[in-house]
Every structure is written in structure tokens, then in C-alpha cells.
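> Can you look at this prediction? I've put the sequence above it.
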Amino acid sequence: TILYQFGGYMSYFGTVRWAAFQPLIGGCDIGAQQSFGCPPTCVIDYDGVANSDLYLNYMSNVKKTPLKHFVIDGGAYSLAKDLKKDEEGNPIYSWSDPELQNLDVVVGVPICAGLSSANTQNSASSKMGRGSDAMQNNNMLGMLDITLNTIKPKVYIFENAYKLATPLGAGIKEKLIKLANEAGYATNIVKVNTINHGLPQNRTRTFFVAYRGDVAPLMTYEPTPCPTIMDVLEGLPPQQSAFQERNSDDGWIQYLKDKWGPNYREEWAKHASAADFVADECGDMEMAKKYFDEKGQKIIDYCIGKKAQGKGWMSGAPLYYGPSKLPSLYGRSMGRCWHPTEERGYSLRECMRLMAMPDDFECPPKGKAGMIGQNVPVCTAAYYTNQVLKYLDGELKMSEQKNVEQDFCSTGAIRKEAKIPKTGFAAIMK
């Protein structure tokens with residue numbers, strides 16, 4: 001019997017048993033549910049990673065599907081494995097509970113701060129800095145270990161920063177492959193871009209997929225035509241307030257309007273950042289100071305100093321990329337992006353739509369609006385979990401290799417055999 005149809009692909013696999021591991025805001029798992037045609041059996045989290053609350057509330061209150069919530073007794077970077085106990089020390093749930101048995105797939109969203117471009121800390125001076133040795137990467141290792149050695153699904157798929165598949169992430173990538181191979185899984189590391197999945201966001205990410213067995217399959221590359229930003233936003237009700245209240249009273253916006261008049265967007269789009277625009281077109285930001293209060297003038301002095309040193313800067317200035325597409329949306333960038341047609345920034349709901357989140361999903365509290373960018377967009381998650389479904393159906397070509405990499409960020413697909421690391425599991429967990 002045909003179970004359902006997704007994107008033109010009809011599955012004969014049957015009901016997929018899958019679990020959601022650390023959903024964060026839930027976009028990846030909403031995409032997986034679209035692909036698999038059923039909700040997860042449960043949600044697994046580390047204690048203190050409370051961002052999954054919105055997803056759990058959505059499933060319970062909107063979708064009327066309450067999910068059992070397994071909580072690991074330890075922080076996200078702790079490498080803990082034991083589940084929480086009640087106040088009297090008795091187990092609340094167990095890894096042997098039926099919701100975790102005979103799973104086909106586990107979908108994970110490990111914290112990506114250790115490799116994210118948004119992390120500007122120096123890895124040489126901080127354990128929380130960016131790089132393979134960043135403490136945040138323990139979350140990836142711990143989730144992989146629990147999933148493959150305790151839960152043991154047929155497939156584990158998780159998404160993370162694009163730099164996992166670059167030289168910056170080479171060290172942690174090797175550790176992940178080694179851990180997976182020792183647990184009896186083959187791996188495929190896939191570089192992806194959301195703009196290929198029908199959403200106008202140039203968002204590059206990496207999927208790490210572990211398949212129980214000795215040979216990894218090859219995913220297929222089928223890009224979807226991309227609409228404009230306004231096509232995606234069509235149908236939303238009028239917005240009453242902008243993201244972080246950025247509006248036309250902003251000093252940068254006033255300067256650009258006075259400089260270029262009603263067509264200021266056309267010139268601005270050539271530079272993206274308003275601060276870059278002022279520096280590139282005018283050569284000196286001093287002339288823009290009159291548009292700012294004392295705090296804003298100090299920011300301009302900071303930008304001038306960085307420019308004199310030949311360095312880049314983070315000014316907090318508004319951003320505009322034109323009406324066709326955006327770069328990767330994340331916490332700080334969302335609050336700075338300027339609307340294509342209206343004199344304001346994007347609203348929270350518009351940012352949710354630009355991540356392909358459903359309109360009935362509750363917006364996060366304003367102070368936690370950056371959660372919107374914590375997941376790969378729903379459409380990208382749906383595409384690659386659908387690839388996992390094709391694997392379960394036996395529809396993907398096998399690679400004849402244990403560890404492969406694929407690059408779907410451009411118009412072509414590149415495959416190469418992944419380097420198999422020589423470090424052991426004991427070294428990984430130190």
C-alpha cells in the first residue's frame with residue numbers, strides 16, 4: 001500500500017519509526033515529519049536545552065500529538081548518557097522504553113556554535129571559540145555516541161554548520177567518522193544550500209548521515225526553482241511591528257535616504273551593510289555622524305578605526321540584499337535585515353516564513369527570536385530526510401565506499417571518499 005507522496009516520490013516503506021533528538025526550535029523535525037508522513041515517537045534532550053519547548057508545545061497544542069520527552073541528566077556539552085531521575089532518585093524513563101526501540105531513523109540538531117561563522121571568539125584563547133576543538137562540538141559527539149551505541153537506529157541524520165565539511169571542521173569530522181565506523185555505521189557528509197530547495201536564502205549547511213552497515217548510499221541532487229522573497233511572504237497579514245523595532249527612524253536609514261533619495265535600495269543592495277555602503281561610497285564615515293546619538297557615533301568611530309587598519313567590522317548597521325534572496329538568516333542578521341518594499345525591518349513572522357516554518361507555529365519570545373535561525377529551514381530538512389526515506393525504500397544507489405562526501409552547494413555534485421581518521425574513541429571523548 002502506498003503510504004503517502006512527497007515531492008513526487010511515492011514511498012512503499014510503510015510507517016517510519018523515528019525520534020527527534022534535540023529539536024531546538026523544531027524546523028528540522030517539522031521537515032522530517034513532512035517527509036516521513038508521521039510524527040516522531042518521542043523527543044530526546046539534554047537537561048537545560050530548553051529551546052525545544054516551542055516544538056513540544058506546537059506538537060501538543062497545535063498538532064494534538066503530545067510527545068514523550070526523554071531528558072539526559074547533563075548539560076549539552078557534558079557527554080552525559082544517563083537519563084534524569086525524579087527527586088527520590090528513581091528513573092523517570094529508560095533507554096529501553098518502547099518509544100526508542102526498533103527505530104528506523106533518528107533526526108538530530110546538535111549545537112553548531114563550535115563551527116558557526118557567527119561565533120567570532122578566538123579558538124586559541126577560548127574553549128568556546130570556533131574550530132574543531134571547541135567545547136560546543138562535544139554536543140555533536142555525545143549525540144552521535146548515544147544514538148549509534150545506545151538507540152541504534154538504521155539511520156541517524158543530523159545537520160550542522162557548513163564548516164563541518166571544510167578544513168576548519170576537519171578534526172571534529174574525523175572524530176565523528178571514526179565514532180560512527182566503530183559503532184558499525186557507514187557515513188555520508190553532504191554540503192547543501194537552501195536556495196536549491198525552493199527558498200530564497202543562500203544558506204549553506206552540512207548534513208552528517210550515518211547508515212547501519214558497511215557501505216554508504218549516494219544522495220541525489222534535484223534542485224527546485226527558487227521564488228523571490230516577496231513570493232514567500234505573500235499572504236501574511238499586515239505586520240504591526242518590525243523585528244527588534246528597526247524602522248525608518250534608524251540613523252543609517254535616514255542617511256541613505258538623504259544621500260540617494262527614493263531609490264536608495266538600489267544602491268544599498270550593492271553593499272549589503274549600510275556601514276559598508278557609507279564607507280565604500282563616501283570614503284569617510286564622519287559625514288554620517290550627524291544622524292546618530294552619542295552611542296551611534298562611537299560605533300562609527302569604531303568602524304572608521306577598523307577601516308583604517310584594513311579590517312572588517314561588525315557595526316550592527318542594517319542590511320539589505322535586494323528583493324530576490326537573502327544570505328543565511330541567524331539571530332544577529334535577522335534583526336538587521338531591511339524589508340524589500342516597506343520602510344521597516346522584517347517581522348518575526350516574516351522571518352519564520354523565510355525559514356519555511358508553518359504559520360501556525362508560535363513565534364518565540366522577542367528576547368529569544370534568534371532561535372528562529374537555529375535549524376536548517378524546513379524545506380531543506382524535508383528534502384534530505386526524504387533522501388533517507390528513499391534509502392529505506394532501497395531507491396538510492398550505493399557508493400561501494402564506507403565513508404563518502406557529496407557537495408550539493410553548486411549546480412554540480414561532487415563525490416569523494418572521506419578520509420578515515422586514525423584517532424580512537426578514547427581520544428575522542430577526552
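All right, it came through fine.
> thought Val43 was touching Ala19?
Yes: assessed by C-beta atoms under 8 Å, Val43 is found in contact with Ala19 at 7.4 Å. In this view, the C-beta of every residue, glycine as well, is placed from N, C-alpha and C.
> who has more neighbours, the two?
Neighbours per residue, other C-beta atoms under 10 Å: of Val43 and Ala19, the larger number sits with Ala19, 25 against 22.
> Hmm, Pro40 and the more buried one touching each other?
Yes: using C-beta under 8 Å, Ala19 makes contact with Pro40 at a distance of 5.2 Å.
> intersection of neighbour lists for those two?
Shared contacts of Ala19 and Pro40 (C-beta atoms under 8 Å, 6 or more residues apart in numbering): Val107.
> Not counting sequence-adjacent ones, nearest residue to Ala381?
Gly31 (2.8 Å; C-beta to C-beta, 6 or more residues apart in numbering).
> any idea which element the one you found lies in?
helix 27-36 (DSSP states H and E).
> got the buried residues for that helix?
Neighbour-count burial for helix 27-36, counted by 16 or more other C-beta atoms under 10 Å, picks out 27-36.
> Any chance of CSV for these, columns distance to Thr187 and pLDDT?
Converted to CSV, the buried residues of helix 27-36 look like this (distance: C-beta to C-beta, whole Å; pLDDT from 0 to 100):
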residue, distance to Thr187, pLDDT
Gly27, 23, 94
Cys28, 18, 95
Asp29, 21, 96
Ile30, 25, 95
Gly31, 21, 95
Ala32, 19, 96
Gln33, 24, 94
Gln34, 25, 93
Ser35, 20, 93
Phe36, 21, 93
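> Next up, the contacts around the residue nearest to Ala381.
Contacts of Gly31 (C-beta under 8 Å, 6+ apart): 356, 376-383, 385.
> Just among those, which is most surrounded?
Ala381 (31 neighbours).
> which secondary structure element contains it?
Counting by DSSP H and E, Ala381 is found in helix 378-392.
> Next secondary structure after the helix holding Gly31?
strand 42-46.
> now for that following strand, which elements pack on it?
strand 18-21, strand 68-72, helix 138-146 (3 or more C-beta pairs under 8 Å, 6 or more residues apart in numbering; DSSP states H and E).
> rerun at 10 Å
Helices and strands touching strand 42-46, by 3 or more C-beta pairs under 10 Å, 6 or more residues apart in numbering; DSSP states H and E, are strand 18-21, helix 53-57, strand 68-72, helix 138-146.
> Name the nearest residue to Pro327, ignoring sequence neighbours.
Nearest in space to Pro327, with sequence neighbours left out and distances taken as C-beta to C-beta, 6+ apart, is Asn202 at 5.1 Å.
> residues in contact with the one you found?
Each residue near Asn202 by C-beta atoms under 10 Å, 6 or more residues apart in numbering is listed here: 193-196, 226, 321, 325-329, 409.
> Next, format those residues as CSV and append pLDDT, secondary structure and distance to Leu67.
Below are the contacts of Asn202 laid out as CSV (pLDDT from 0 to 100; DSSP: H, G, I helix; E, B strand; the rest coil; distance: C-beta to C-beta, whole Å):
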residue, pLDDT, secondary structure, distance to Leu67
Asn193, 93, strand, 31
Thr194, 92, helix, 26
Ile195, 91, helix, 32
Asn196, 91, helix, 31
Cys226, 88, coil, 33
Tyr321, 85, coil, 37
Lys325, 88, coil, 34
Leu326, 88, strand, 32
Pro327, 85, strand, 33
Ser328, 85, coil, 29
Leu329, 84, coil, 27
Cys409, 84, coil, 33
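> Is it possible to get a markdown table of these that adds distance to Ser273 and neighbour count?
Converted to a markdown table, those look like this (distance: C-beta to C-beta, whole Å; neighbours: other C-beta atoms under 10 Å):
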| residue | distance to Ser273 | neighbour count |
| --- | --- | --- |
| Asn193 | 22 | 19 |
| Thr194 | 21 | 28 |
| Ile195 | 20 | 20 |
| Asn196 | 26 | 21 |
| Cys226 | 23 | 18 |
| Tyr321 | 10 | 20 |
| Lys325 | 16 | 17 |
| Leu326 | 13 | 25 |
| Pro327 | 11 | 15 |
| Ser328 | 15 | 19 |
| Leu329 | 15 | 21 |
| Cys409 | 23 | 20 |
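> Among the residues you listed, find me the one that's closest to Gln101.
Thr194 (33.8 Å; C-beta to C-beta).
> State the distance from the closest one to Leu236.
In this view, Thr194 and Leu236 are 19 Å apart by C-beta to C-beta, to the nearest Å.
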